[in-house]
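Engineer: Let me see the structure of the following:
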Amino acid sequence: SLVLQLLTEILMHAAVIAINEAIEKGIAEQTIATLRNPNAMLLNVDEELAQDYQNELFEAKRRKESNYVFPLDSNESPWIKLVMKTRYNYYYNVETEESACVAPEGVVPKTSWLTGAEIQSIVGQVTADYNREQLWLANENLIVELQARARGFLVRKNYQERKAYLQNQEPSAIKIQGNMTAWAVWGISGKRVQVLQCVSEQKCVITRFFCLIQNDEIVKIQAFLRANKAREDYRTLIGAENPPLTVLRKFAYLLDQSDIDFQEELEVTRLREEVVTKIRSNQQLEKDLNLMDIKIGLLVKNRITLQDVVLHNKKLNKKSKSQLEEMVMVDKQGIKGLSKQRRKKLEAYQNLFYLLQTNPTYLAKLIFQMPQNKSTKFMDTVIFTLYNYASNQREEYLLLKLFKTALEEEIHSKVDQIQDIVTGNPTVIKMVVSFNRGARGQNTLRQLLAPVVKEIMEDKSLIINTSPVDVYKSWVNQLEMQTGEASKLPYDVTTEQALTYTEVVSKLESSVQSLRAVTDKVLTSIFSSLNMIYGMRYIAKVLKSSLHEKFPGATEDELLKIVGNLLYYRYMNPAIVAPDGFDIIDMTAGGQIHPDQRRNLGCVAKVLQHAASNKLFEGESEHLSSMNAYLSLTYQKFRNFFQAACDVPEPEEKFNIDEYSDMVTLSKPVIYISIEEIINTHSLLLEHQDAIATEPNDLLNELLEGLGPVPDVESFFGMTKRLIVDVIRTQPGDTLLEILETPATAQQDSEHLKVVEKRAILDSKTPEKMKHSQPIFEGGQLPIEQKKRKIQRNLRTLEQAGLVSSTTKYQEIINEIAKDIRNQRRYRHHRKAELVKLQQTLNALNSKTAFYEEQINYYNTYIKTCLDNLTRKPGRYIKMKGSKKLKQTSLKYTAARLHEKGVILEIEDLQTNQFKNVLFDITPGEEVGDFEIKAKFLGVEMEKVQLHFQDLLQMQYEGVAVMKMFDKAKVNVNLLIFLLNKKFYGK
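Structural biologist: Coordinates of the predicted model:
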């Protein structure tokens with residue numbers, strides 16, 4: 001055991017030597033490695049404190065070197081002295097590794113190195129400091145709270161002590177104050193005259209000098225006090241339930257309009273008109289382009305009827321060159337002519353369309369009175385035009401009210417079972433989705449889905465295929481490509497057979513994993529849309545509440561599934577499946593989505609559709625059952641999303657609009673509608689008048705009968721408010737009754753006259769389209785006393801209607817004026833935001849127009865190529881004598897021959913054996929694609945018919961296989977097209 005102890009001590013001293021050497025090198029990593037050497041027998045060594053150990057040990061070593069004093073004639077040697085067993089000396093040379101039990105002669109042992117005990121002390125101190133610091137940091141919140149409580153206690157203690165002292169000294173303080181006041185009064189009264197006489201001149205000079213110096217500060221203080229008072233008054237105006245008239249009077253000037261208001265309003269009006277015009281222009285252009293796609297598709301398939309395509313292309317080019325904008329301005333003067341008769345007609349239509357716009361009941365009933373094919377066109381043209389495609393908050397508010405009324409009407413009258421909303425095609429739901437996916441809501445859908453859809457399409461490594469048969473065939477093709485030999489595996493297999501191969505199952509599992517990851521990204525985008533789709537959310541709320549009212553026994557899950565059918569399946573799902581068709585992504589002319597990209601998006605949409613409706617993969621999709629748990633979890637997320645989507649404020653709260661808002665707006669509402677649409681709407685109203693306006697005294701009946709504008713309570717109420725504002729601006733008072741009963745002074749009358757003249761000057765500068773209708777300002781030019789009498793008469797009328805009360809001193813109308821002031825401020829803010837939004841929308845529409853023009857250029861190039869190719873095609877031509885023109889020959893076939901070819905199927909009242917007596921003569925017309933067909937029986941011409949090849953192609957496109965000719969012969973459309981192609985166009 002003695003030898004073992006000696007060996008242990010030797011190893012420990014060797015470890016201490018290694019530590020000292022590492023400290024001198026200054027590398028923290030080497031130092032910590034030597035400190036953690038088990039032979040060093042050091043405790044509490046933390047590897048994270050390596051640099052701290054190095055710094056402290058190095059400083060301790062330097063201090064030890066500086067404290068040791070060497071003899072004058074000697075230097076510190078590399079020999080160190082070690083003590084073994086506390087009594088045996090042992091010497092070791094750290095440079096040569098020599099050792100001896102006796103000290104070498106003339107050698108001064110090295111004493112500047114740290115011993116094991118010193119190293120342990122420093123290491124322990126550094127570790128303890130670090131642990132203490134971590135302890136404080138971990139309990140920092142408790143320490144701060146303790147300090148706060150201690151400080152609070154001390155402050156409260158000082159406060160209570162000071163309060164008690166002051167309360168105890170209150171009698172003494174009162175006595176001192178009384179004595180001081182008396183002394184001051186006595187002193188002033190005794191010396192006042194003498195002092196004033198002696199220093200009056202000096203005092204005036206000093207006072208003027210003081211005021212001059214402090215003038216800026218005084219102005220600032222006064223401005224601060226006035227601003228503070230104004231803020232308090234405005235808070236009272238917007239926050240008080242019944243703001244006082246004195247406060248209202250201070251802010252009545254906010255209802256006035258400035259030049260900036262007119263300029264911004266003109267700009268908003270111009271942009272609205274341009275946006276609506278551009279929307280309609282793009283819609284028409286898109287319809288023509290879609291028709292062009294169909295015609296070119298038929299052209300590619302049959303290689304003829306190029307003339308029809310060329311004619312449509314010329315029409316398309318003509319429209320694209322600015323004529324589409326003029327489609328909504330058929331007659332630039334129209335009913336806006338200056339004649340009295342036209343002016344009267346204009347005002348009548350203004351009242352009619354204003355009533356239709358603000359009272360959604362009429363249009364909601366009209367929609368369901370028409371056949372569905374007509375109502376769809378009516379909605380796409382007249383209704384959206386009537387509301388200017390919701391280009392501002394007023395129109396959006398009114399359109400949402402129409403949607404709400406129409407949806408409630410449809411659910412009440414046409415929905416018999418709750419699932420009819422899902423399985424059928426409700427008119428209002430289709431209208432809402434079409435509008436929100438159209439020009440107005442396209443930016444929202446694009447902003448919502450474009451980033452994630454682009455990410456999916458741009459990922460070239462992403463391949464999602466959930467069809468076992470397709471995966472199997474792809475795998476077999478890959479094997480044949482790799483080996484260069486035909487595979488022995490069968491090519492046509494069933495789903496069950498494909499799933500027996502390990503490679504197919506492995507590829508399917510990989511696709512499922514990728515599908516989950518991509519679906520989660522799309523879900524994140526969808527769930528972030530709550531602040532972007534207010535209109536759809538509000539309709540979802542109306543749908544849910546209306547169904548719950550109609551079917552009170554329906555569960556929450558059933559209602560939310562129908563909400564999901566609206567928000568996801570009808571609104572978002574088509575845009576995910578076909579992003580190119582809904583302008584979610586930018587496509588170049590002639591560009592197409594790759595089939596792999598289309599399949600990836602389709603798989604994502606399928607999973608989301610199943611999740612939104614809580615439908616699991618079963619039956620034919622049993623191989624995807626591993627995703628059922630994921631579908632259930634995703635449905636819960638969708639469920640929460642649908643619930644949150646229905647939690648949305650009413651439009652009145654969202655847009656700060658009510659039935660009186662039109663009375664205080666700067667410009668009257670404007671719609672951009674063609675003469676044809678006005679006439680069609682008027683005709684429809686007359687046609688269905690009995691169903692729409694059932695009451696004889698209905699306002700719509702009066703307008704349709706041409707009785708002119710009928711004053712209503714809203715306009716009467718607004719006119720009275722305008723008169724009251726004019727009066728209270730020039731005559732002060734605590735209540736409205738007090739002002740009305742107190743005669744105005746000459747000065748107040750003069751101020752009122754200035755206000756009237758200022759308004760007249762402003763009205764003369766106002767553009768015609770921005771002027772209010774005359775009834776609103778009726779009486780605006782009256783003197784103040786006559787206005788007050790008119791106000792009193794109007795207030796009595798309004799009190800009879802139950803809108804105001806004299807017992808409250810007509811506070812109701814004061815509150816409405818205060819509301820107008822608040823709304824005017826909000827309206828100005830909204831108008832600035834609307835200017836920005838309209839400009840962005842216009843830029844987007846211009847980009848879309850540029851894209852359509854690019855497609856037109858692409859089609860032009862394609863058609864030119866077709867024309868060049870057509871001239872090279874062989875056909876049946878003969879040269880006319882004495883003419884350079886070529887004329888196509890006619891074809892003659894018996895009915896029996898055409899029956900053998902399958903072209904003629906049967907002829908009414910004629911047996912098959914008699915077909916040989918019927919001769920058909922097919923002669924091409926002058927225009928490409930026109931044919932004249934004559935029927936002869938026993939050589940006698942019976943009938944003839946004009947046939948347009950384009951009609952045949954359209955029937956083929958629509959899936960019509962058999963057509964009737966001469967009202968007797970049944971003809972196979974496909975084989976007739978084949979015959980004409982072969983005989984006349986060399987196909």
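Engineer: and Ser172, what helix or strand is that in?
Structural biologist: Counting by DSSP states H and E, the element that carries Ser172 is helix 170-213.
Engineer: next SSE after that helix?
Structural biologist: helix 215-239.
Engineer: ok now that following helix, how far from the chain's centre?
Structural biologist: Distance of helix 215-239 from its chain centroid, counting by CA atoms, centre = their mean, to the nearest Å, is 40 Å.
Engineer: next structured bit after it?
Structural biologist: Moving toward the C-terminus from helix 215-239, the first helix or strand encountered (DSSP H and E) is helix 245-250.
Engineer: Off-centre distance for the helix or strand following that next one?
Structural biologist: Once helix 245-250 ends, the next helix or strand along the chain (criterion: DSSP H and E) is helix 259-302. Centroid separation between helix 259-302 and its chain, computed with CA atoms, centre = their mean, is 21 Å.
Engineer: name the helices or strands packed onto helix 259-302?
Structural biologist: Using 3 or more CB pairs under 8 Å, 6 or more residues apart in numbering; DSSP states H and E, the elements in contact with helix 259-302 are helix 306-318, helix 811-870, helix 949-957. For the C-beta atoms, the positions are set from N, CA and C on the backbone; glycine is no exception.
Engineer: Looking at those, which is nearest to Leu559?
Structural biologist: Leu559 sits nearest to helix 811-870 of all these, at 33.3 Å, using CB to CB.
Engineer: quick one: Lys964 is in a strand?
Structural biologist: Yes. Assessed by DSSP: H, G, I helix; E, B strand; the rest coil, Lys964 belongs to a strand.
Engineer: Could you find the closest non-adjacent residue to it?
Structural biologist: Nearest non-adjacent residue to Lys964, counting by CB to CB, 6 or more residues apart in numbering: Lys970, 6.0 Å away.
Engineer: measure Asp420 to Ile562 for me?
Structural biologist: Asp420 sits 10 Å away from Ile562, taking CB to CB, to the nearest Å as the criterion.
Engineer: which of the two has more neighbours?
Structural biologist: The residue with more neighbours, out of Asp420 and Ile562, is Ile562; 22 against 15, by other CB atoms under 10 Å.
Engineer: how close does that one sit to Phe368?
Structural biologist: As judged by CB to CB, Ile562 and Phe368 stand 20 Å apart.
Engineer: What ranges in the stretch 151-300 of the chain fall below the confidence cut-off?
Structural biologist: Applying pLDDT under 70 to the stretch 151-300 of the chain flags residues 185-216, 255-259, 262-263, 293-300.
Engineer: Angles on the backbone of Lys892, please.
Structural biologist: Here the main-chain torsion angles of Lys892 (degrees, to the nearest 10) amount to phi -130, psi 130.
Engineer: residues contacting it?
Structural biologist: Lys892 is in contact with 919-922, counting by CB atoms under 8 Å, 6 or more residues apart in numbering.
Engineer: what's the neighbour count on Met12?
Structural biologist: Around Met12 there are 18 residues (other CB under 10 Å).
Engineer: In which helix or strand does it reside?
Structural biologist: helix 2-25.
Engineer: residues of that helix that come out buried?
Structural biologist: 9-10, 12-13, 15-20, 22-23 (16 or more other CB atoms under 10 Å).
Engineer: same question, stretch 815-832
Structural biologist: For stretch 815-832, burial by neighbour count (16+ other CB under 10 Å) applies to 815-824, 827-828, 830-831.
Engineer: average model confidence for the stretch of helix or strand Ser66 belongs to?
Structural biologist: Using DSSP H and E, the element containing Ser66 is helix 50-67. Helix 50-67 carries an average pLDDT of 83.
Engineer: Now do it: distance to the chain's middle.
Structural biologist: Distance, centroid of helix 50-67 to centroid of chain: 65 Å (CA atoms, centre = their mean).
Engineer: Just want the angle from that helix to helix 2-25.
Structural biologist: For helix 50-67 against helix 2-25, the angle by axes from the mean of the first three to the mean of the last three CA atoms, to 10 degrees is 90 degrees.
Engineer: Show me what helix 50-67 is packed up against.
Structural biologist: Counting by 3+ CB pairs under 8 Å, 6+ apart, helix 50-67 packs on helix 2-25, helix 28-35, helix 116-138.
Engineer: As JSON lines, those with distance to Ser621 and mean pLDDT would be great.
Structural biologist: Output for the helices and strands packed on helix 50-67, formatted as JSON lines (distance: least, CB to CB, whole Å; pLDDT from 0 to 100):
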{"stretch": "helix 2-25", "distance to Ser621": "68", "mean pLDDT": "76"}
{"stretch": "helix 28-35", "distance to Ser621": "59", "mean pLDDT": "86"}
{"stretch": "helix 116-138", "distance to Ser621": "54", "mean pLDDT": "86"}
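Engineer: Columns distance to His610 on top of these, output as CSV?
Structural biologist: Converted to CSV, the helices and strands packed on helix 50-67 look like this (distance: least, CB to CB, whole Å):
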stretch, distance to His610
helix 2-25, 66
helix 28-35, 57
helix 116-138, 49
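Engineer: returning to that earlier point: single out the most deeply packed of the helices and strands packed on helix 259-302.
Structural biologist: With neighbours taken as mean count of other CB atoms under 10 Å, the helices and strands packed on helix 259-302 reach their highest mean count in helix 949-957, at a mean of 19.
Engineer: Any stretches of the stretch 601-750 of the chain with poor pLDDT?
Structural biologist: Looking at the stretch 601-750 of the chain by pLDDT under 70, you get 658-676, 706-716.
Engineer: ranges for the helices of the stretch 301-450 of the chain?
Structural biologist: Secondary structure of the stretch 301-450 of the chain (DSSP state H, counting those that start in this stretch): helices at 306-318, 340-358, 360-369, 372-378, 384-386, 393-414, 420-423, 427-437, 442-458.
Engineer: what mean pLDDT does the fourth one have?
Structural biologist: It stands for helix 372-378. Mean pLDDT, taken over the full extent of helix 372-378, equals 62.
Engineer: again with the shortest one
Structural biologist: Helix 384-386 shows a mean pLDDT of 74 in the predicted model.
Engineer: next one: the last one
Structural biologist: Averaging pLDDT along helix 442-458 gives 82.
Engineer: from the middle of its chain, how far away would the next helix or strand after that helix be?
Structural biologist: Once helix 442-458 ends, the next helix or strand along the chain (criterion: DSSP H and E) is helix 468-483. With CA atoms, centre = their mean as the basis, helix 468-483 stands 44 Å off its chain's centre.
Engineer: in helix 468-483, what counts as buried?
Structural biologist: Buried, per 16+ other CB under 10 Å, within helix 468-483: 468-469, 471-473, 475-476.
Engineer: which two in these are spaced the farthest apart?
Structural biologist: The distance between the two most remote of these (CB to CB) is 12.5 Å, for Pro468 and Val476.
Engineer: Name the residues contacting each of the two.
Structural biologist: With contacts taken as CB under 8 Å, 6+ apart, Pro468 and Val476 have no neighbour in common.
Engineer: picking up where we left off before, out of the helices and strands packed on helix 259-302, nearest to Val276?
Structural biologist: Val276 sits nearest to helix 811-870 of all these, at 10.1 Å, using CB to CB.
Engineer: orientation of that closest one relative to helix 259-302 in degrees?
Structural biologist: Using the same axes, to 10 degrees: helix 811-870 against helix 259-302 is 30 degrees.
Engineer: and helix 811-870, what does it pack onto?
Structural biologist: In terms of contacts (3+ CB pairs under 8 Å, 6+ apart), helix 811-870 is packed against helix 215-239, helix 245-250, helix 259-302, helix 306-318, helix 442-458, helix 713-730.
Engineer: Out of those, which one sits most buried?
Structural biologist: Most buried of these by mean neighbour count (mean count of other CB under 10 Å) is helix 713-730; its value is a mean of 21.
Engineer: Can you pull out the residues in contact with the following helix or strand past that one?
Structural biologist: Under the assignment DSSP H and E, the closest C-terminal helix or strand after helix 713-730 is helix 736-741. With contacts defined as CB under 8 Å, 6+ apart, helix 736-741 is touched by 245, 724, 727-728, 731-733, 788, 791-792, 806, 809-810, 813-814.
Engineer: Got phi/psi on the closest residue to Ile593 other than its chain neighbours?
Structural biologist: Distances taken as CB to CB, 6+ apart place Asp580 nearest to Ile593, at 5.6 Å, with adjacent residues excluded. Per-residue torsions, Asp580: phi -70, psi -30 (degrees, to the nearest 10).
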